[in-house]
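> Mind looking at a prediction? Sequence and model below.
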Amino acid sequence: MDAIDKLLSKWQPTALSLLRFIAGLLLFQYGVAKLLKFPAGTMFEKVELFSLIGAAGTLELVLGGLLMIGLFSRIVAFILSGEMAFAYFIGHFPKGFFPLFNNGTAAILFCFACLYLATAGGGPYSIDEMRKK
């Protein structure tokens, strides 16, 4: 292993926790926008709670919050990965094959980031890790 690999691999557990937190925060913001209508002026202003997008917002708000703090990280990330795959194939794929044109890039990225988190866990800076001790 060369010096740069050694240096960077030392930070892998911290980067995992940071990835988990940021993914949760970004999903949480979508839930806040869809359900709490904040910030004003988003494309989600007319979303109703008892709709498909309202259900997605509920998942993003609750599970995004759990992902941020690292509680039940694996199962939460797995559910969110599935939600993002569903969102892509229901909301984006019908608009065209290429994610660049159907605006599905974020959904794909969230899907695979959450799938990784489901396999890797929440990292050392998570409530899951604290509960082990």
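Cool, the structure landed. Numbering: from 1, shown residues only.
> my guess is Pro124 contacts Arg20, does it?
No - applying CB atoms under 8 Å, one finds Pro124 not in contact with Arg20, separated by 10.5 Å. C-beta here means a position set from N, CA and C on the backbone, and glycine is covered the same way.
> Tell me which of those two has more neighbours.
Neighbours around Pro124 and Arg20, counted as other CB atoms under 10 Å, are more numerous at Arg20. The numbers are 28 against 13.
> if I look at that one, how far off is Cys111?
As judged by CB to CB, to the nearest Å, Arg20 and Cys111 stand 15 Å apart.
> quick one: contacts for the closest residue to Gly24 other than its chain neighbours?
Among residues not flanking Gly24 along the chain, Leu67 sits closest, at 3.0 Å (CB to CB, 6 or more residues apart in numbering). By CB atoms under 8 Å, 6 or more residues apart in numbering, the contact list for Leu67 reads 20-21, 23-24, 27-28, 73, 76-77, 80, 114, 117, 122.
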